[in-house]
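In: This is a predicted model, with the sequence first.
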Amino acid sequence: MTDKYKILGKFIKDMSSETPDIETYLFVRDNIGKYQLGIDIGSKALKSKLIQVNTTFKFEDKENNPKKSYFEIIYSTIIRINDEVKDKKELEKIILCDVQSEIYPDLEKSLLNLLHNSGFPNINFDKKVDFNKLYNQKNI
């Protein structure tokens, strides 16, 4: 908890793993190192200074291969913004950086569990996502 916001709840809103057939599984197993993590963050104002933040992680092959698996998690976080937060930029930073940095370990663990349980036990993310760096790059 910070003095600017409080996380009231967090949960997996949706989770998907799709591998259409055994040939695709064998192909993906040998080529999953080419897969990339895509991140999308959306938010929706609720009531009484409550905001629902949806963070989507997609782990997918960006190349034009006919044989692909698809992995996605949508993770929802409910936050309450303190009354002192009035500036739109400050609110944006809370949603895009602060909340993301706080929930990232749970979200990463959930995505890795999905991948491991989908038949890809050797997947790990060596580099952690630096949301502050991404936010600062966005605002240059």
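Out: Alright, I've got the coordinates.

In: And the strands in this protein, which stretches?
Out: Remark: strands of the chain, listed N- to C-terminal, are 5-18, 36-45, 50-60, 70-81; assignment by DSSP state E.

In: which residue of this structure sits farthest from its center?
Out: The centre of the chain is farthest from one residue, residue 23, which by CA atoms, centre = their mean lies 28.2 Å away.

In: Assess the claim that that residue and residue 67 are in contact.
Out: Yes - the pair formed by residue 23 and residue 67 meets the contact definition of CB atoms under 8 Å, at 6.4 Å. The C-beta positions use only the backbone N, C-alpha and C, and glycine is treated the same way.

In: Distance check, the one residue sitting closest to the centre of the chain against residue 86.
Out: Nearest to the mean C-alpha position of the chain, by CA atoms, centre = their mean, lies residue 57 at 3.7 Å. Distance, residue 57 to residue 86, using CB to CB, to the nearest Å: 31 Å.

In: mind checking pLDDT for residue 68?
Out: The score at residue 68 is 94. That number is its pLDDT.

In: so it touches residue 60, yeah?
Out: Yes - at 7.0 Å, residue 68 and residue 60 qualify as touching, with contact defined as CB under 8 Å.

In: which of these two has more neighbours?
Out: When residue 68 and residue 60 are compared for neighbours, residue 68 comes out ahead with 18 against 15, by other CB atoms under 10 Å.

In: ok, so what distance separates the spatially closest residue to the more buried one that is not a sequence neighbour from residue 24?
Out: Closest residue in space to residue 68, ignoring its immediate chain neighbours: residue 61 at 4.9 Å, by CB to CB, 6 or more residues apart in numbering. Distance check for residue 61 against residue 24: by CB to CB, it reads 11 Å.

In: what's the answer for residue 38, then?
Out: The gap separating residue 38 from residue 24 is 20 Å, by CB to CB.

In: Would you mind telling me which of those two has the busier surroundings?
Out: The residue with more neighbours, out of residue 38 and residue 24 and counting by other CB under 10 Å, is residue 24; that gives 16 against 12.
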